[in-house]
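In: Below are the sequence and a predicted model; questions follow.
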Amino acid sequence: MRVTEQREVGLVIQTVILSKDRFPTKEEAEEWIRANGFLTDFEGNEVDETANSWRYRQAAPGAFVTGSFRTFELTNGVQAVGGKLK
C-alpha cells in the first residue's frame, strides 16, 4: 500500500519522519521512503538524522503559510509534517 494521501484538504507534506524503532538503519528508512513515493533528498540535502528518527524533507519550509504546519501519523512508525502552501 502506498502512503501518499493527504489528511486535510490543501495540506501538503513538507517532511516525512521515520522512527528509528521501526527503521533502525538509513537503508531501511530509504527503502520505505522510495516505496511510498517520497523524496530521499531535497535540493541536494539528504536525510536529517536525530537520536530517534530519520527526517526526509519534501518541500522548502518557506513555501508554506506560517502557523499552518501539523504533524500526523501516516502509518506505524511514520509521521508527516504538512502545511498549507502560500
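Out: Great, that's in hand. Numbers count the residues shown, from 1 in each chain.

In: what comes up buried for the helix or strand hosting residue 14?
Out: Following DSSP states H and E, the helix or strand that holds residue 14 is strand 11-19. By neighbour count with 16 or more other Cβ atoms under 10 Å, strand 11-19 contains the buried residues 11, 12, 13, 14, 15, 16, 17, 18. (C-beta placed from N, C-alpha, C; glycine too.)

In: and the third one, bridged to which residues?
Out: Read that as residue 13. Beta-bridge partners for residue 13, by DSSP bridges, are residue 82.

In: For it, give me the pLDDT.
Out: Per-residue confidence at residue 13 stands at 96 (pLDDT).

In: I figured it hits residue 59, correct?
Out: Yes: between residue 13 and residue 59 there is a contact at 7.4 Å, judged by Cβ atoms under 8 Å.

In: now the helices: where do they sit in this structure?
Out: Residue ranges of the helices in the chain, as given by DSSP state H, are 26-35.

In: would you turn the buried residues of strand 11-19 into CSV with distance to residue 28?
Out: CSV is the format used below for the buried residues of strand 11-19 (distance: Cβ to Cβ, whole Å):
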residue, distance to residue 28
11, 27
12, 26
13, 20
14, 22
15, 18
16, 14
17, 14
18, 8
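
In: and which of those is nearest to residue 70?
Out: residue 11 (7.0 Å; Cβ to Cβ).

In: Now for the closest residue in space to the closest one that isn't next to it in sequence, how many residues are close by?
Out: Taking Cβ to Cβ, 6 or more residues apart in numbering, and ignoring the residues beside it in sequence, residue 11 has residue 82 as its nearest neighbour in space, at 4.3 Å. Using other Cβ atoms under 10 Å, residue 82 is surrounded by 24 other residues.
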